[in-house]
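Engineer: Could you work out the structure for the sequence below:
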Amino acid sequence: MQDGEGRKIRLGVLSKGCMVEDTLGLLKDCGLPVTRDNDRQYSAEIPQLPNVEVCFHRPKEIVTLLVSGHLDVGIVSSYAVSEYGPGDDDLITVHNALGYGHCHLSLAIPKNGIFERINSVKELAQMPHWTEENPLRVVTGLPNLGRKFMKENGLKHVSILTADGALEGFPQRGGADVILDIVCSGTTLRANNFKEIEGGTVLVSQVVLVARRKSLMQREDVRDTTQQIFERVEAHLKAVCQFTVTANGRSAKEVAKQVCNQPSLSGLQFPIPNPYLVLCKRNGEVVGDHNAMVGCIPKTKFYSSVQQLKADRGSRVLVSPSTYIFNEEALGWQQLLSKFGL
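Structural biologist: Numbers count the residues shown, from 1 in each chain. This is a model prediction of the structure:
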(Lines give C-alpha, C1' and ligand atoms only; values in the text may rest on other atoms or scores of the structure.)
Protein backbone atom coordinates (compact mmCIF):
# COMPACT_ATOMS: atom_id res chain seq x y z
CA MET A 1 0.00 0.00 0.00
CA GLN A 2 1.31 3.44 -0.89
CA ASP A 3 2.03 5.96 1.85
CA GLY A 4 -1.26 7.25 3.34
CA GLU A 5 -3.43 5.36 0.83
CA GLY A 6 -6.91 4.50 2.06
CA ARG A 7 -7.32 7.34 4.57
CA LYS A 8 -8.68 10.84 4.27
CA ILE A 9 -6.44 13.70 3.24
CA ARG A 10 -5.28 15.47 6.39
CA LEU A 11 -5.09 19.26 6.38
CA GLY A 12 -3.32 20.80 9.38
CA VAL A 13 -4.42 24.26 10.54
CA LEU A 14 -3.46 26.38 13.53
CA SER A 15 -5.26 25.55 16.77
CA LYS A 16 -4.67 28.66 18.90
CA GLY A 17 -4.35 32.41 18.61
CA CYS A 18 -5.89 35.04 16.36
CA MET A 19 -4.65 33.27 13.24
CA VAL A 20 -7.18 30.46 13.80
CA GLU A 21 -10.05 32.76 12.91
CA ASP A 22 -8.04 34.28 10.07
CA THR A 23 -7.39 30.82 8.63
CA LEU A 24 -11.00 29.69 8.95
CA GLY A 25 -12.10 33.02 7.51
CA LEU A 26 -9.83 32.63 4.48
CA LEU A 27 -11.11 29.11 3.81
CA LYS A 28 -14.69 30.34 4.09
CA ASP A 29 -13.98 33.22 1.70
CA CYS A 30 -12.57 30.66 -0.72
CA GLY A 31 -15.80 28.67 -0.61
CA LEU A 32 -14.35 26.04 1.74
CA PRO A 33 -16.02 26.65 5.14
CA VAL A 34 -14.83 24.44 7.99
CA THR A 35 -17.53 22.85 10.18
CA ARG A 36 -17.05 21.54 13.71
CA ASP A 37 -19.47 21.19 16.61
CA ASN A 38 -17.46 23.32 19.04
CA ASP A 39 -14.12 25.14 19.37
CA ARG A 40 -12.67 22.43 21.61
CA GLN A 41 -12.72 19.78 18.90
CA TYR A 42 -9.38 19.13 17.25
CA SER A 43 -10.78 17.71 14.04
CA ALA A 44 -13.35 19.08 11.61
CA GLU A 45 -14.69 18.76 8.08
CA ILE A 46 -15.00 20.81 4.91
CA PRO A 47 -18.32 19.83 3.27
CA GLN A 48 -17.08 20.87 -0.17
CA LEU A 49 -14.07 18.54 0.28
CA PRO A 50 -15.58 15.38 1.81
CA ASN A 51 -12.29 13.50 1.47
CA VAL A 52 -10.48 15.99 3.75
CA GLU A 53 -10.07 15.86 7.53
CA VAL A 54 -9.10 19.18 9.12
CA CYS A 55 -6.68 18.72 12.03
CA PHE A 56 -5.99 21.54 14.51
CA HIS A 57 -2.40 21.74 15.80
CA ARG A 58 0.23 24.18 17.00
CA PRO A 59 2.74 25.50 14.42
CA LYS A 60 5.54 23.12 15.43
CA GLU A 61 3.20 20.13 15.33
CA ILE A 62 1.92 20.98 11.86
CA VAL A 63 5.44 21.02 10.42
CA THR A 64 6.68 17.91 12.24
CA LEU A 65 3.52 15.96 11.35
CA LEU A 66 3.97 16.93 7.71
CA VAL A 67 7.56 15.73 7.76
CA SER A 68 6.56 12.45 9.47
CA GLY A 69 3.71 11.83 7.02
CA HIS A 70 0.83 12.16 9.49
CA LEU A 71 -0.41 15.27 7.65
CA ASP A 72 -0.57 15.84 3.90
CA VAL A 73 -1.19 19.59 3.65
CA GLY A 74 -0.79 22.43 6.15
CA ILE A 75 -1.58 26.10 6.68
CA VAL A 76 1.07 27.51 9.01
CA SER A 77 3.42 30.45 9.60
CA SER A 78 6.52 30.43 7.42
CA TYR A 79 8.78 30.92 10.46
CA ALA A 80 7.62 27.52 11.73
CA VAL A 81 8.58 25.93 8.40
CA SER A 82 12.04 27.54 8.66
CA GLU A 83 12.51 26.46 12.28
CA TYR A 84 11.15 22.91 12.30
CA GLY A 85 11.59 21.80 8.71
CA PRO A 86 14.77 23.42 7.40
CA GLY A 87 16.36 21.64 4.47
CA ASP A 88 13.68 18.95 4.34
CA ASP A 89 13.16 18.19 0.65
CA ASP A 90 9.83 16.53 1.42
CA LEU A 91 8.29 19.82 2.61
CA ILE A 92 6.99 21.99 -0.24
CA THR A 93 5.70 25.54 0.06
CA VAL A 94 2.69 25.53 -2.27
CA HIS A 95 1.67 29.17 -1.72
CA ASN A 96 4.10 31.52 0.03
CA ALA A 97 1.80 34.49 0.78
CA LEU A 98 -1.70 33.91 2.13
CA GLY A 99 -1.90 37.55 3.18
CA TYR A 100 -2.17 37.38 6.98
CA GLY A 101 -0.14 36.48 10.05
CA HIS A 102 2.48 39.09 9.19
CA CYS A 103 5.30 39.24 11.72
CA HIS A 104 9.09 39.04 11.98
CA LEU A 105 11.59 37.21 14.12
CA SER A 106 13.82 39.78 15.77
CA LEU A 107 16.66 40.12 18.24
CA ALA A 108 15.68 42.57 21.01
CA ILE A 109 17.81 43.92 23.87
CA PRO A 110 17.08 45.90 27.06
CA LYS A 111 17.13 49.67 26.55
CA ASN A 112 19.18 50.32 29.67
CA GLY A 113 22.17 48.90 31.51
CA ILE A 114 25.12 47.61 29.51
CA PHE A 115 23.03 47.73 26.30
CA GLU A 116 22.03 51.37 26.59
CA ARG A 117 24.34 52.52 23.77
CA ILE A 118 24.10 49.34 21.68
CA ASN A 119 22.03 49.91 18.55
CA SER A 120 23.12 47.22 16.10
CA VAL A 121 24.03 43.54 15.94
CA LYS A 122 27.56 44.54 14.94
CA GLU A 123 27.97 46.60 18.11
CA LEU A 124 26.49 43.75 20.17
CA ALA A 125 29.03 41.31 18.72
CA GLN A 126 31.91 43.69 19.51
CA MET A 127 31.06 44.05 23.21
CA PRO A 128 33.95 42.77 25.34
CA HIS A 129 31.58 41.18 27.84
CA TRP A 130 31.08 37.94 25.92
CA THR A 131 33.63 35.18 26.48
CA GLU A 132 33.63 31.42 26.50
CA GLU A 133 33.13 31.54 30.27
CA ASN A 134 30.54 34.31 30.08
CA PRO A 135 28.59 33.88 26.80
CA LEU A 136 25.75 36.08 25.59
CA ARG A 137 22.61 34.36 26.85
CA VAL A 138 19.84 34.43 24.25
CA VAL A 139 16.38 33.14 25.18
CA THR A 140 14.09 32.14 22.32
CA GLY A 141 11.35 29.77 21.29
CA LEU A 142 13.11 29.16 17.96
CA PRO A 143 16.58 27.86 18.84
CA ASN A 144 17.54 26.54 15.39
CA LEU A 145 16.98 29.90 13.72
CA GLY A 146 18.68 31.56 16.69
CA ARG A 147 21.89 29.52 16.40
CA LYS A 148 22.05 30.04 12.64
CA PHE A 149 21.56 33.80 12.98
CA MET A 150 24.20 34.19 15.70
CA LYS A 151 26.76 32.25 13.71
CA GLU A 152 26.11 34.24 10.54
CA ASN A 153 26.50 37.54 12.42
CA GLY A 154 29.81 36.83 14.12
CA LEU A 155 28.51 36.22 17.63
CA LYS A 156 30.88 33.47 18.71
CA HIS A 157 30.27 33.19 22.44
CA VAL A 158 26.54 32.53 22.69
CA SER A 159 24.36 30.34 24.86
CA ILE A 160 20.89 29.62 23.42
CA LEU A 161 18.18 29.12 26.05
CA THR A 162 14.82 27.70 24.98
CA ALA A 163 11.51 28.92 26.41
CA ASP A 164 7.91 29.35 25.29
CA GLY A 165 6.24 32.71 25.84
CA ALA A 166 6.86 35.72 28.10
CA LEU A 167 10.49 35.92 26.99
CA GLU A 168 10.81 39.55 28.12
CA GLY A 169 10.72 38.37 31.72
CA PHE A 170 13.95 36.37 31.49
CA PRO A 171 16.42 39.28 31.19
CA GLN A 172 14.46 41.24 33.78
CA ARG A 173 14.99 38.42 36.28
CA GLY A 174 18.60 37.70 35.32
CA GLY A 175 17.84 34.49 33.43
CA ALA A 176 19.08 35.78 30.06
CA ASP A 177 20.73 38.80 28.46
CA VAL A 178 18.66 39.31 25.29
CA ILE A 179 15.65 37.77 23.56
CA LEU A 180 14.96 36.45 20.07
CA ASP A 181 11.22 36.55 19.56
CA ILE A 182 8.34 36.85 17.11
CA VAL A 183 7.29 40.50 16.80
CA CYS A 184 4.01 41.75 15.35
CA SER A 185 3.45 45.33 16.45
CA GLY A 186 6.33 45.68 18.93
CA THR A 187 3.97 46.86 21.68
CA THR A 188 5.02 44.14 24.13
CA LEU A 189 8.70 44.90 23.59
CA ARG A 190 8.22 48.61 24.26
CA ALA A 191 6.02 47.96 27.28
CA ASN A 192 8.81 45.87 28.81
CA ASN A 193 11.59 48.36 27.97
CA PHE A 194 13.17 46.41 25.11
CA LYS A 195 14.35 47.67 21.73
CA GLU A 196 15.00 46.11 18.35
CA ILE A 197 18.39 46.86 16.82
CA GLU A 198 19.83 47.35 13.36
CA GLY A 199 20.49 44.07 11.59
CA GLY A 200 18.49 42.18 14.19
CA THR A 201 15.68 40.96 11.95
CA VAL A 202 16.18 37.23 11.43
CA LEU A 203 13.32 36.69 8.97
CA VAL A 204 9.97 38.12 7.89
CA SER A 205 7.02 35.75 8.11
CA GLN A 206 3.39 35.27 7.14
CA VAL A 207 1.06 32.30 6.84
CA VAL A 208 1.75 29.91 3.94
CA LEU A 209 0.26 26.79 2.38
CA VAL A 210 2.61 23.81 2.54
CA ALA A 211 2.37 20.18 1.49
CA ARG A 212 4.25 16.91 1.76
CA ARG A 213 6.01 15.98 -1.46
CA LYS A 214 5.48 12.23 -1.03
CA SER A 215 1.74 12.72 -0.53
CA LEU A 216 1.55 14.81 -3.72
CA MET A 217 3.58 12.25 -5.67
CA GLN A 218 1.95 9.07 -4.41
CA ARG A 219 -1.70 10.09 -4.08
CA GLU A 220 -3.66 11.61 -6.94
CA ASP A 221 -6.45 12.68 -4.58
CA VAL A 222 -3.98 14.71 -2.48
CA ARG A 223 -2.60 16.33 -5.61
CA ASP A 224 -6.06 17.19 -6.95
CA THR A 225 -7.31 18.53 -3.62
CA THR A 226 -4.18 20.59 -3.03
CA GLN A 227 -4.55 22.05 -6.52
CA GLN A 228 -8.16 22.99 -5.77
CA ILE A 229 -7.19 24.72 -2.51
CA PHE A 230 -4.32 26.51 -4.27
CA GLU A 231 -6.48 27.73 -7.16
CA ARG A 232 -9.31 28.89 -4.89
CA VAL A 233 -6.89 30.79 -2.64
CA GLU A 234 -5.00 32.28 -5.57
CA ALA A 235 -8.22 33.42 -7.27
CA HIS A 236 -9.61 34.95 -4.08
CA LEU A 237 -6.41 36.77 -3.09
CA LYS A 238 -6.14 38.19 -6.59
CA ALA A 239 -9.77 39.34 -6.48
CA VAL A 240 -9.74 41.08 -3.08
CA CYS A 241 -7.22 43.60 -4.40
CA GLN A 242 -9.49 44.62 -7.29
CA PHE A 243 -12.96 45.92 -8.10
CA THR A 244 -15.13 44.68 -10.93
CA VAL A 245 -16.05 47.63 -13.14
CA THR A 246 -18.75 47.88 -15.79
CA ALA A 247 -18.22 50.86 -18.10
CA ASN A 248 -21.11 52.00 -20.31
CA GLY A 249 -20.60 54.14 -23.42
CA ARG A 250 -22.52 55.46 -26.40
CA SER A 251 -20.98 52.91 -28.73
CA ALA A 252 -18.77 49.86 -28.67
CA LYS A 253 -16.02 51.88 -30.30
CA GLU A 254 -16.24 54.59 -27.63
CA VAL A 255 -16.06 52.05 -24.83
CA ALA A 256 -13.01 50.37 -26.36
CA LYS A 257 -11.40 53.77 -26.87
CA GLN A 258 -12.00 54.66 -23.22
CA VAL A 259 -10.29 51.52 -22.02
CA CYS A 260 -7.31 51.70 -24.36
CA ASN A 261 -6.51 55.41 -24.25
CA GLN A 262 -6.73 56.34 -20.56
CA PRO A 263 -3.33 56.31 -18.75
CA SER A 264 -4.64 54.86 -15.48
CA LEU A 265 -6.38 52.04 -17.34
CA SER A 266 -3.21 50.93 -19.12
CA GLY A 267 -2.52 47.27 -18.49
CA LEU A 268 -5.84 46.61 -16.75
CA GLN A 269 -7.75 43.44 -17.56
CA PHE A 270 -11.06 43.73 -19.38
CA PRO A 271 -11.72 40.03 -19.96
CA ILE A 272 -14.87 40.35 -22.11
CA PRO A 273 -13.43 40.96 -25.60
CA ASN A 274 -16.63 42.25 -27.20
CA PRO A 275 -18.76 45.01 -25.66
CA TYR A 276 -22.30 43.92 -24.90
CA LEU A 277 -25.54 45.86 -25.38
CA VAL A 278 -27.00 47.71 -22.40
CA LEU A 279 -30.81 47.81 -22.33
CA CYS A 280 -32.64 50.62 -20.57
CA LYS A 281 -36.12 52.12 -20.55
CA ARG A 282 -36.52 55.62 -21.97
CA ASN A 283 -39.84 57.44 -22.42
CA GLY A 284 -41.67 54.20 -21.83
CA GLU A 285 -39.73 52.29 -24.47
CA VAL A 286 -36.91 49.76 -24.11
CA VAL A 287 -33.83 50.93 -25.98
CA GLY A 288 -30.36 49.54 -26.41
CA ASP A 289 -28.22 52.36 -27.61
CA HIS A 290 -25.43 51.92 -25.03
CA ASN A 291 -22.66 49.33 -24.94
CA ALA A 292 -20.51 48.19 -22.03
CA MET A 293 -17.38 46.29 -21.11
CA VAL A 294 -16.58 44.55 -17.84
CA GLY A 295 -13.11 44.61 -16.34
CA CYS A 296 -11.04 44.61 -13.17
CA ILE A 297 -9.40 47.68 -11.66
CA PRO A 298 -6.88 47.57 -8.76
CA LYS A 299 -8.34 49.19 -5.68
CA THR A 300 -5.37 51.54 -5.52
CA LYS A 301 -6.30 52.95 -8.95
CA PHE A 302 -10.04 52.75 -8.42
CA TYR A 303 -11.13 56.40 -8.18
CA SER A 304 -8.85 57.89 -10.84
CA SER A 305 -9.80 55.11 -13.24
CA VAL A 306 -13.51 55.64 -12.66
CA GLN A 307 -13.13 59.38 -13.20
CA GLN A 308 -11.47 58.76 -16.55
CA LEU A 309 -14.16 56.31 -17.58
CA LYS A 310 -16.84 58.81 -16.60
CA ALA A 311 -15.21 61.54 -18.68
CA ASP A 312 -16.77 60.16 -21.84
CA ARG A 313 -20.11 61.83 -22.58
CA GLY A 314 -23.01 59.60 -21.65
CA SER A 315 -20.94 56.95 -19.84
CA ARG A 316 -21.96 55.24 -16.61
CA VAL A 317 -19.63 53.21 -14.41
CA LEU A 318 -20.77 50.46 -12.05
CA VAL A 319 -18.32 49.22 -9.40
CA SER A 320 -18.68 46.03 -7.31
CA PRO A 321 -16.43 43.83 -5.17
CA SER A 322 -14.59 40.95 -6.81
CA THR A 323 -14.73 37.51 -5.20
CA TYR A 324 -12.59 35.33 -7.46
CA ILE A 325 -10.42 35.89 -10.53
CA PHE A 326 -9.46 32.59 -12.15
CA ASN A 327 -6.89 32.52 -14.92
CA GLU A 328 -7.55 30.45 -18.02
CA GLU A 329 -4.72 28.17 -16.93
CA ALA A 330 -3.40 27.62 -13.42
CA LEU A 331 0.12 28.70 -14.30
CA GLY A 332 1.22 28.92 -10.67
CA TRP A 333 0.24 25.32 -10.04
CA GLN A 334 1.91 24.08 -13.22
CA GLN A 335 5.09 25.95 -12.31
CA LEU A 336 5.02 24.34 -8.86
CA LEU A 337 4.68 20.85 -10.33
CA SER A 338 7.54 21.52 -12.72
CA LYS A 339 9.79 23.01 -10.03
CA PHE A 340 9.48 20.01 -7.73
CA GLY A 341 9.41 17.33 -10.40
CA LEU A 342 5.77 16.41 -9.83
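Engineer: contacts and neighbour counts: CA atoms only from here.
Structural biologist: Noted.
Engineer: So, low pLDDT: which residues of the stretch 151-300 of the chain?
Structural biologist: The stretch 151-300 of the chain contains residues with pLDDT under 70 at 248-293.
Engineer: Show the contacting residues for the spatially most central residue of the chain.
Structural biologist: Centroid check for the chain by CA atoms, centre = their mean gives residue 98 as the closest residue, at 2.4 Å. Going by CA atoms under 8 Å, 6 or more residues apart in numbering, residue 98 touches 206, 207, 208, 209, 233, 237.
Engineer: Repeat the analysis, applying 10 Å as the threshold.
Structural biologist: 23, 26, 75, 76, 77, 206, 207, 208, 209, 233, 234, 237 (CA atoms under 10 Å, 6 or more residues apart in numbering).
Engineer: sec struct for the second one, please.
Structural biologist: Right, the one you point to is residue 26. Classification of residue 26 using DSSP: H, G, I helix; E, B strand; the rest coil returns helix.
Engineer: now the residue lying closest to it once chain neighbours are set aside, what's its secondary structure?
Structural biologist: With sequence-adjacent residues excluded and distances taken as CA to CA, 6 or more residues apart in numbering, residue 26 is closest to residue 233, at 7.9 Å. Following three-state DSSP, residue 233 is assigned to helix.
Engineer: Going forward, count from 675.
Structural biologist: With 675 as the first residue, the last one maps to residue 907.
Engineer: hang on, the earlier thing: state the distance from the residue nearest to the centre of the chain to residue 696.
Structural biologist: Using CA to CA, to the nearest Å, residue 772 is found at 10 Å from residue 696.
Engineer: what is in contact with the two at once?
Structural biologist: By CA under 10 Å, 6+ apart, the residues touching both residue 772 and residue 696 are residue 881.
Engineer: before we move on, the earlier item: ok but the residue nearest to the centre of the chain is inside a helix, no?
Structural biologist: No: counting by three-state DSSP, one finds residue 772 to be coil, located in no helix.
Engineer: ok, it to residue 840 distance?
Structural biologist: In terms of CA to CA, residue 772 sits 27 Å off from residue 840.
Engineer: try residue 750
Structural biologist: 22 Å.
Engineer: The residue nearest to residue 700 contacts residue 769, doesn't it?
Structural biologist: Yes: look at residue 907 against residue 769 with CA atoms under 10 Å: they come within range, at 8.8 Å.
Engineer: Which residue, neighbours along the chain excluded, lies closest to residue 699?
Structural biologist: Nearest one to residue 699, counting by CA to CA, 6+ apart, is residue 707 at 7.8 Å.
Engineer: Show the pLDDT at the one you found.
Structural biologist: pLDDT for residue 707: 96.
Engineer: likewise the one 3 residues further on?
Structural biologist: For residue 710, the pLDDT comes out at 91.
Engineer: Excluding covalently adjacent residues, which one is nearest to it?
Structural biologist: Spatial nearest neighbour of residue 710, chain neighbours left out: residue 718 (4.9 Å); criterion: CA to CA, 6+ apart.
Engineer: so how many other residues sit close to that neighbour?
Structural biologist: 18 (other CA atoms under 10 Å).
Engineer: Then residue 729?
Structural biologist: Neighbour number of residue 729 under other CA under 10 Å is 19.
Engineer: likewise the one 4 residues further on?
Structural biologist: Using other CA under 10 Å as the criterion, residue 733 is surrounded by 22 other residues.
Engineer: now do residue 1015
Structural biologist: Per other CA under 10 Å, the neighbour tally for residue 1015 reads 9.
Engineer: Can you give me the domain assignment for this protein?
Structural biologist: What automatic domain parsing lists as the domains of the chain is 683-774+880-913+1005-1013, 777-878, 916-995.
Engineer: out of these, deepest packed?
Structural biologist: Greatest average neighbour count among the domains of the chain goes to domain 683-774+880-913+1005-1013 (a mean of 18), per mean count of other CA atoms under 10 Å.
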